[in-house]
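J.: give me a model of this one.
(chains A, B, C and D)
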There are 2 protein chains.
Amino acid sequence: MISEAEYLDSYDPSRFPSPLVTVDSVLFSLHQQTLCVLLVERASQPQQGRWGLPGGFIDMAQDSSTRATALRKLTEKTGVSPSWLEQLDTFSGPDRDPRGWSLTVAWYALISWVACAPHIVSVSDAKWVPVAELNERELAFDHGEIIHAALRRLRQKTMYSLLPVYCLPETFTQSQLQEATEIILGQPIQRKSLIRRFEASGMFEETGESVATGARKARLWRRKADVDIHLFSRNLLADS
Amino acid sequence: MISEAEYLDSYDPSRFPSPLVTVDSVLFSLHQQTLCVLLVERASQPQQGRWGLPGGFIDMAQDSSTRATALRKLTEKTGVSPSWLEQLDTFSGPDRDPRGWSLTVAWYALISWVACAPHIVSVSDAKWVPVAELNERELAFDHGEIIHAALRRLRQKTMYSLLPVYCLPETFTQSQLQEATEIILGQPIQRKSLIRRFEASGMFEETGESVATGARKARLWRRKADVDIHLFSRNLLADS
DNA sequence: ACAATAGTGTCTATAAGACAATATATT
DNA sequence: AATATATTGTCTTATAGACACTATTGT
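T.: Here you go, the predicted model:
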């Protein structure tokens, strides 16, 4: 029997075959009344030329976790950090990547479109695609499935939290939050229910400003600093 | 520019350094009015002799996904497949394993104690530990944290589903389900609320049998075949 | 009959759904 | 003033909480 120190001295990490490990993210945003996902064109093999999720390999020298990898890759593409980033699931198996047995840690994220639009339009290999148009596209690997899983999770969580606020700019009106929620859920919701939650959540504060959208001015709000997302104990739209 | 076929021909998977990838599972069960977790004693380095979660490396020749790896490892230890198995999260970073940058795909699972007790007692390197006693133990790696995350998820999901039923034997009484739920949540619940959910879920059917526990006989139930878990749109214990 | 556990009835409390009513801008 | 959007009021509905009540079995 050897000690742990001796064992580690002689440990050779390349001795055991290992699956191909990647980190991929589904970044959602709202643009022109539609829910969009960020796709990037694959610059190299395999599946060169196909569009897929932003992501890639873990940089073990830099990344302190797969969250760091996801953040690094998203920031490279968008120029900013997402407002919300949460682990979705991992997807694995021998057939999902032609190079062999692979595993991807999938994250999903939300960002305000205005926060990253300028950067995205300046790079040619990334673009926002409305989720409704995804079926027509042949995506790389199993990225279509990953996006669908992320969409289910986004919609589910929207039912018991105010997650859509992370798609809005720093300051926003209650009507914008309602619109974002309705676009994500794909159906109208009761404004009164939303406002009740908005107040009960304790997540927001008024900026003191207001803004006009053609008629009566609406108050502007922002997320309080360092206040976590509030989860409700009931779902919206529980019967529909 | 080369074709994908040419690229794959010359692809060498060992060219890029890769994190150490494992799959670990938190298997819950109920025994003597306590919620327990299955721990195994590490037979080899690193952290030899410490207790940790059942798990290990992916066998790329056998496993069709990390779910298959988790199932394989749990079946080795318990002799049976868990009734419930769901992905929890992945845990990753340069410091969680002394061998270097590592990633574990963590699953959580539920099983009836009677279903696997005979097998467990016959192997000396596995045992059930009440969750209340975990704080006193020094577990391998970050397995203590993983168990706590699994426990949070188990309790959360118990609030909006009848998940505890997967800890019960094949046939069971409503009182057993109530007891299991109360043990997991750590507090009493309203029997009436549970029964309402039980009926609304559509998950169960009577066996026709009943069983006596000292007084009036209780009806026995089983899960309907191929019926998925039902998720409710409100939580139990929402105010407490 | 009594004790003990199984199972039901029903009233209250909470938060969502529905939608009417009022308020404040702009023109 | 008319119109449009913002914001609030309040009645209804659905389901959980509380807890009393009835049912069935063993002694």
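J.: helices of chain A, residue ranges please.
T.: A:4-9, A:66-78, A:113-122, A:143-159, A:174-185, A:191-201 (DSSP state H).
J.: DNA strand C is nearest to which of those helices?
T.: Proximity to DNA strand C (Cβ to the nearest atom of the strand) singles out helix A:191-201 among these, at 3.2 Å. Any C-beta I mention is one placed from the backbone N, CA and C, and that applies to glycine too.
J.: tell me if the closest one is near chain B.
T.: No: Helix A:191-201 stays clear of chain B (Cβ under 8 Å from any Cβ of the partner chain), getting no nearer than 12.4 Å.
J.: CA atoms only for that helix, dumped as CSV, please.
T.: Output of helix A:191-201 as CSV, limited to C-alpha atoms (Å, rounded to 0.1, in the frame of the first residue of the first chain):
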residue,chain,number,x,y,z
ARG,A,191,-50.9,42.2,-15.6
LYS,A,192,-52.3,42.4,-12.0
SER,A,193,-50.8,39.0,-11.2
LEU,A,194,-47.4,40.1,-12.4
ILE,A,195,-47.5,43.3,-10.5
ARG,A,196,-48.5,41.5,-7.3
ARG,A,197,-45.4,39.3,-7.7
PHE,A,198,-43.3,42.2,-8.7
GLU,A,199,-44.1,43.9,-5.4
ALA,A,200,-43.9,40.7,-3.3
SER,A,201,-40.5,39.7,-4.6
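J.: for A:Asp95, the count of nearby residues, please.
T.: A count of nearby residues for A:Asp95, using other Cβ atoms under 10 Å in any protein chain shown, gives 11.
J.: what residues does chain A put near DNA strand D?
T.: Counting by Cβ under 7 Å from any atom of the strand, chain A comes close to DNA strand D at A:173-175, A:191-192, A:195, A:210, A:213-219, A:238-239.
J.: so of the helices of chain A, which one's packed in deepest?
T.: helix A:66-78 (a mean of 20; mean count of other Cβ atoms under 10 Å in any protein chain shown).
J.: tell me the average confidence for it?
T.: What helix A:66-78 shows for mean pLDDT is 96.
J.: and if you look at stretch A:101-109?
T.: 98.
J.: so is it next to chain B?
T.: Yes: judged by Cβ under 8 Å from any Cβ, stretch A:101-109 comes into contact with chain B through A:101, A:103, A:105.
J.: the first one against A:Pro94, yeah?
T.: By that I understand A:Trp101. Yes: between A:Trp101 and A:Pro94 there is a contact at 4.7 Å, judged by Cβ atoms under 8 Å.
J.: identify the contacts common to those two.
T.: Both A:Trp101 and A:Pro94 are contacted by B:Met60, under the criterion Cβ atoms under 8 Å, 6 or more residues apart in numbering or on different chains.
J.: more neighbours, the two?
T.: It is A:Trp101, of A:Trp101 and A:Pro94, that has more neighbours when counted by other Cβ under 10 Å, with 22 against 15.
J.: contacting residues for that one?
T.: A:Trp101 neighbours (Cβ under 8 Å, 6+ apart): A:19-20, A:92-94, B:58, B:60.
J.: how close does it get to A:Glu136?
T.: Using Cβ to Cβ, to the nearest Å, A:Trp101 is found at 30 Å from A:Glu136.
J.: turn the residues of stretch A:101-109 next to chain B into TSV, including distance to DNA strand C.
T.: Shown next, in TSV, are the residues of stretch A:101-109 next to chain B (distance: Cβ to the nearest atom of the strand, whole Å):
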residue	distance to DNA strand C
A:Trp101	44
A:Leu103	38
A:Val105	32
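J.: which one of those residues is nearest to A:Tyr166?
T.: A:Tyr166 lies nearest to A:Val105 out of these, by Cβ to Cβ, at 20.3 Å.
J.: coming back round to it: ChimeraX command for the buried members of the contacts of A:Trp101?
T.: Buried residues within the contacts of A:Trp101, by 16 or more other Cβ atoms under 10 Å in any protein chain shown, are selected in ChimeraX with:
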select /A:19,20,92,93 /B:58,60
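J.: just give me the closest of the contacts of A:Trp101 to DNA strand C.
T.: A:Ser92 (36.6 Å).
J.: please compute how far the longest strand that chain A contains lies from its chain's middle.
T.: Counting residues, the longest strand found in chain A (DSSP state E) is strand A:20-31. When C-alpha coordinates are averaged (Cα atoms, centre = their mean, to the nearest Å), strand A:20-31 and its chain have centres 6 Å apart.
J.: just checking: what are the partner strands of it?
T.: Partner strands for strand A:20-31, per DSSP bridges, with pairing direction: strand A:34-41 (antiparallel), strand A:55-57 (antiparallel), strand A:102-110 (parallel).
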